[in-house]
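[1] got a sequence here, can you build the structure:
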Amino acid sequence: MDFLAEEKNKYAAPAGLATKYRQEEVHRFIVDCMTSVATPTPQARALADLLVAADLRGHFTHGLNRLGKYGKSDVCVRVCVYYLIRHLHQTVYSVFTISLYPITGSNHYGIAGWYAMSASKQGLLGMSFTNTSSLVVPTRGKQALLGTNPISLAAPGEKGDDFVLDMATSVVSGGKVEVACVKGEGVPAGWALDRDGAPTTDAERALDGFLLPLGGDETHSGYKGFGLGMMVEIFCGILTGAPYGSNIRDWTRTDRPADLSQCFVAIDPSFFAPGFEGRMTDLMNHCRNMEPETQQKPVLVAGDPERLHMRKVEQEGGITYHINQINNLWKLAKYLGVTPLHS
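    The predicted model follows:
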């Protein structure tokens, strides 16, 4: 379905396309695109739930931006993860204090927080890890070894005020470089290396090159991000006996399955001490009420930026996308023979 590589000039998007769309319309569009390539409707809807949630939370790298990366078989494998985790919540979590569930043979699974939050909504601590295709150089290296290997922890607070950490172990996700390319922008220094291992701020060269681990170079403690990426690889590729590191298929290839691995953990906090949600919220509110360095930028905790973006979408009556992305999606709709996004 990543048709733009071959047919990007076949269709011309009309001028004046809208850039703001209701989330229900975005959901409809995703379902239509996926069912047009023979994806079963329940699975198409599950994917739409995930991608819309990403854009709604401000993670545009993992929402509609990822639509062209999925095909029928990819979605079937990814949605299996979703249903396995839901089944695990309904059965195992009520019996055991801690549950760990690794899975192999998967594909890109969207935002890691989606799965962690499905546990926190049930009063549990949820953790989610996935390995990915090699994009990140190790500290002191010039060639990619690990993927962006994201991690997520969602911890329940009071009245839905949950702590939700959702982050790549690289300095940024690969999707941010993709989005910069779509927008025709450069990338900040310290994000990426080109194919020859030299630092670059050119988005196209970065997309063809490599990302740095969280922290950047060795001087800025990039070895810590590299260590976190290795931790994720241990929980996913090593623990499961699946492909790991540079053995994982390159993300641009479609001649064989991605065969990614994920690991999910859930912990029942009530087993350890009562009042977890209250203490969690107390800690977060203490952070939020601290005097900020700049008054216009208050101290936030993980999950707050997403809540602010969701509030913004609600106030504006829709999700706003870059015009270049909308043009590409219009072409995708024409290519698949589905109704384009309409405001």
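[2] per-residue pLDDT of residue 69, please?
    What the model reports as pLDDT for residue 69 is 70.
[3] how close does residue 18 sit to residue 341?
    The spacing between residue 18 and residue 341, counted by C-beta to C-beta, to the nearest Å, is 8 Å. Just so you know, the C-beta spots here come from the backbone N, C-alpha and C atoms, and that holds for glycine as well.
[4] with residue 67 instead?
    11 Å.
[5] may I have the beta-bridge partners of residue 106?
    Taking DSSP bridges as the rule, residue 106 bridges to residue 260.
[6] the spatially most central residue of the chain: which element?
    Nearest to the geometric centre of the chain sits residue 111, at 2.8 Å (C-alpha atoms, centre = their mean). Here residue 111 is covered by no helix or strand, with elements defined by DSSP states H and E.
[7] please report phi then psi for it.
    Main-chain dihedrals, residue 111, degrees, to the nearest 10: phi -80, psi 130.
[8] repeat for residue 187
    Torsion angles, degrees, to the nearest 10, at residue 187: phi -120, psi 150.
[9] also residue 218?
    Torsion angles, degrees, to the nearest 10, at residue 218: phi -60, psi -40.
[10] the more surrounded of residue 18 and residue 341?
    residue 341 (23 against 13; other C-beta atoms under 10 Å).
[11] need the three-state assignment for the more buried one.
    coil (DSSP: H, G, I helix; E, B strand; the rest coil).
[12] residues contacting it?
    With contact taken as C-beta atoms under 8 Å, 6 or more residues apart in numbering, residue 341 is in contact with 18, 21, 25, 26, 29, 326, 329, 330, 333.
[13] distance of the fifth one from residue 330?
    Meaning residue 29. Per C-beta to C-beta, residue 29 is found 10 Å from residue 330.
[14] same check on the third one?
    Note on residue 25: its distance to residue 330, by C-beta to C-beta, is 13 Å.
[15] got a pLDDT number for residue 228?
    Looking at residue 228, the pLDDT reads 98.
[16] so which elements touch the strand or helix carrying it?
    Assigned by DSSP H and E, residue 228 falls within helix 222-233. Packed against helix 222-233 by the contact rule (3 or more C-beta pairs under 8 Å, 6 or more residues apart in numbering; DSSP states H and E) you find strand 151-155.
[17] note down every partner strand of the strand it packs on and its orientation.
    Applying DSSP bridges to the sheet, strand 151-155 is found paired with strand 125-130 (antiparallel), strand 163-167 (antiparallel).
[18] could you give the angle of the first one to helix 222-233?
    In this case it means strand 125-130. What separates the directions of strand 125-130 and helix 222-233 is an angle of 100 degrees, with axes from the mean of the first three to the mean of the last three C-alpha atoms, to 10 degrees.
[19] could you export strand 125-130 as PDB, CA atoms only?
    Extracted in PDB, the C-alpha atoms of strand 125-130 (Å, rounded to 0.1, in the frame of the first residue of the first chain):
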ATOM      1  CA  LEU A 125       0.200  -0.500  35.800                       C
ATOM      2  CA  GLY A 126       0.800  -1.300  32.100                       C
ATOM      3  CA  MET A 127       4.100  -1.600  30.300                       C
ATOM      4  CA  SER A 128       4.600  -2.100  26.600                       C
ATOM      5  CA  PHE A 129       7.800  -2.600  24.600                       C
ATOM      6  CA  THR A 130       8.600  -3.400  20.900                       C
END
